[in-house]
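Student: What follows is a predicted structure for the sequence shown.
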Amino acid sequence: MSVLEMKVPSPGESITEVEIATWLVKDGDYVEKDQPIAEVDSDKATLELPAEQSGVITLKAEEGDVVQVGQVVCLIDMDAAKPAGSAAPAAEVPKQEEAPKAAEPAKQEAPKPAAQPVAAATQTYATGTPSPAAKKILDEKGIDASQVSGSGRDGRISKSDAELAAVPAFGGNPVTATGSRSTTTTKLSVLRRKIAQRLVSVKNETAMLTTFNEVDMSEIFRLRKQYKEEFAQRHGVGLGFMSFFTKAVTRALQMYPDVNASIDGDFKVNYDFCDISIAVSGPKGLMVPVLRNAENMSFASVEANIKDLAIKVRDGKITVDEMTGGTFTITNGGTFGSMMSTPIINPPQSAILGMHNIIQRPVAVDGQVVIRPMMYVAMSYDHRIIDGKESVGFLVAVKEGIDNPVEILLGGDERKGLGL
């Protein structure tokens, strides 16, 4: 008998344990080689576990179990024969035999309880006398007891009935509040628990401050409208906002290198490259895949890489390596309608830029009030390593790039700068 012990593979460097999120097969099922048999959660991503061989599977761990990398989670009997395809029709026989038995008692029992609900309903809506505690509450609310339906014996109004009774609005009749009061308890995934720990640690272990500014999106709107079709035909991707902000950020990081740094104990680590983490919302939560050496990317390359990473996040195909590292993060709450926020730093990074929604607002330009598409931007930073001068200067540099993208980001030639 050949039995394969399937062990948990390492999802990535520094990950020592995972949680069995979902078994995609049942104990005793026949599985094919490379068939996904489970989803496992690490503290960075959710990954599929494929069968290493074909055979009958025996599960050795339950959903929700936290298992170590290298631990056996199931056995596969490779000698077991694949079930014949003719087994499925046999399952229909019990349904045909059991159906008449289930139907007979239903016909006999249905008439008996028919008269009982009527009496119960009549009693429920009878008006009763409030208990002393209920009377006190109703008096305080200014509600007449005759307007409240009691749930106690003989329609007696209980304390809870009085507490739930609504105060009449503008002379209307009060009603007792009703509705579902059920609760649902769900265990947080390993990823969500890890995110929670990291966010709390950032608040407790960094001197986090946030500085704000606003940017005028007029020129970017014009460039996108003028070149979006030609850009898409030439490069196969759309010309979005993120490429402009990514290029503005990489320029600002090179101007203010301390923003592109991190703390390691008593040391400051500066990076001569800009690995930009882009926050992407997925079904498992917020993921931050990384654009490596974004300072050397063209607008088309930034858009293509962001699109590819976003699809992987939403399809659950993103790998740990693609989310590891990063020297600075950009997050766009504006896609959900956020007007202003204070984004939380993504450790061990020292700063993060928050984008927000774009609103047509009146602004003063050359002494005249004009309507412009404006966006508030926020930069949260670790004051232990970044001073106020650097943080404000960085955000102003980002603003310069967005307000005047042709001169600052495209080198004065918008067509050439966009690769057209």
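Tutor: Okay, I see it. Residues are numbered from 1 along each chain as shown.

Student: neighbours of residue 55, just the number please.
Tutor: As a burial measure, residue 55 scores 22 neighbours (other Cβ atoms under 10 Å). (Glycine included, C-beta is placed from N, CA and C.)

Student: if I read this right, it contacts residue 76, doesn't it?
Tutor: Yes: using Cβ atoms under 8 Å, residue 55 is in contact with residue 76, at 4.3 Å.

Student: any common contacting residues for these two?
Tutor: 4, 31 (Cβ atoms under 8 Å, 6 or more residues apart in numbering).

Student: helix or strand right after the helix or strand of the chain with the lowest mean pLDDT?
Tutor: Least confident helix or strand of the chain, by mean pLDDT, DSSP states H and E, is helix 116-124 with a mean of 38. The helix or strand immediately downstream of helix 116-124 is helix 132-141, counting by DSSP states H and E.

Student: Give me the buried positions along that following helix.
Tutor: Using 16 or more other Cβ atoms under 10 Å as the test for burial, helix 132-141 gives 134, 137, 138.

Student: Could you do stretch 210-223 as well?
Tutor: Those would be 210, 211, 214, 215, 216, 217, 218, 219, 220, 223, for stretch 210-223 by 16+ other Cβ under 10 Å.

Student: what about residue 196, neighbour count?
Tutor: Neighbours of residue 196 (other Cβ under 10 Å): 11.

Student: That one is in contact with residue 190, isn't it?
Tutor: No: Residue 196 is not in contact with residue 190 according to Cβ under 8 Å; the separation is 10.8 Å.

Student: one step back: which of the buried residues of helix 132-141 sits closest to residue 318?
Tutor: Proximity to residue 318 was ranked across the buried residues of helix 132-141 by Cβ to Cβ; first place goes to residue 137, at 55.1 Å.

Student: so what's the closest one closest to, chain neighbours aside?
Tutor: The shortest distance from residue 137 to any non-neighbouring residue, by Cβ to Cβ, 6 or more residues apart in numbering, is to residue 162 (3.9 Å).

Student: helices or strands next to whatever helix or strand that neighbour lives in in the packing?
Tutor: Taking DSSP H and E as the criterion, residue 162 maps to helix 159-164. Contacts defined by 3 or more Cβ pairs under 8 Å, 6 or more residues apart in numbering; DSSP states H and E place helix 159-164 against helix 132-141.

Student: and the helix it packs on, what's its mean pLDDT?
Tutor: Averaged over helix 132-141, pLDDT sits at 78.

Student: Show me what it is in contact with.
Tutor: Identification of contacts with helix 132-141 by Cβ under 8 Å, 6+ apart yields 130, 144-145, 148, 157-159, 161-163, 165, 167, 174.

Student: Pull out the buried residues from those residues.
Tutor: Buried among the contacts of helix 132-141 (16+ other Cβ under 10 Å): 130, 145, 148, 157, 158, 159, 161, 162, 165, 174.

Student: For the fifth one, list the residues it contacts.
Tutor: If a contact means Cβ under 8 Å, 6+ apart, then residue 158 has 131, 134, 150, 151, 152 as its contacts.

Student: how about 6 Å then?
Tutor: Counting by Cβ atoms under 6 Å, 6 or more residues apart in numbering, residue 158 touches 134, 152.

Student: out of the contacts of helix 132-141, which one sits closest to residue 288?
Tutor: Nearest to residue 288 among those, with distances taken as Cβ to Cβ, is residue 163, at 46.5 Å.

Student: Find the nearest non-adjacent residue to that closest one, please.
Tutor: Nearest non-adjacent residue to residue 163, counting by Cβ to Cβ, 6+ apart: residue 137, 6.1 Å away.

Student: Residue 181 versus that neighbour, what's the distance?
Tutor: Separation of residue 137 from residue 181 (Cβ to Cβ, to the nearest Å): 19 Å.

Student: How about residue 270?
Tutor: 56 Å.

Student: Of these two, give the one with the bigger neighbour count.
Tutor: Just comparing residue 270 and residue 181: by other Cβ under 10 Å the higher neighbour count belongs to residue 270, 12 against 5.

Student: Can you report how many residues neighbour the residue lying closest to that one once chain neighbours are set aside?
Tutor: Distance criterion Cβ to Cβ, 6+ apart; nearest residue to residue 270, sequence neighbours excluded, is residue 261 at 4.6 Å. Close neighbours of residue 261, defined as other Cβ under 10 Å, add up to 22.

Student: pLDDT score for the residue nearest to the spatial centre of the chain?
Tutor: In the chain, the centroid-proximal residue (Cα atoms, centre = their mean) is residue 285; its distance is 2.9 Å. Here, the pLDDT recorded for residue 285 equals 72.

Student: go on, residue 348?
Tutor: The model's pLDDT for residue 348 equals 88.

Student: Can you get me a residue count around the closest residue in space to it that isn't next to it in sequence?
Tutor: Leaving aside its chain neighbours, residue 348 sits nearest to residue 262 (4.5 Å; criterion: Cβ to Cβ, 6+ apart). Around residue 262 there are 19 other residues, counting by other Cβ under 10 Å.

Student: shift numbering so it begins at 44
Tutor: Right, with 44 as the first residue, what we last looked at is residue 305.

Student: Can you tell me the element residue 305 falls in?
Tutor: Using DSSP H and E, the element containing residue 305 is strand 304-307.

Student: right, and the helix or strand after that strand?
Tutor: Criterion used, DSSP H and E; the element after strand 304-307 is strand 310-313.

Student: Provide the strand pairings for that next one, with the direction of each partner.
Tutor: Take DSSP bridges as the rule and strand 310-313 pairs in its sheet with strand 304-307 (antiparallel).
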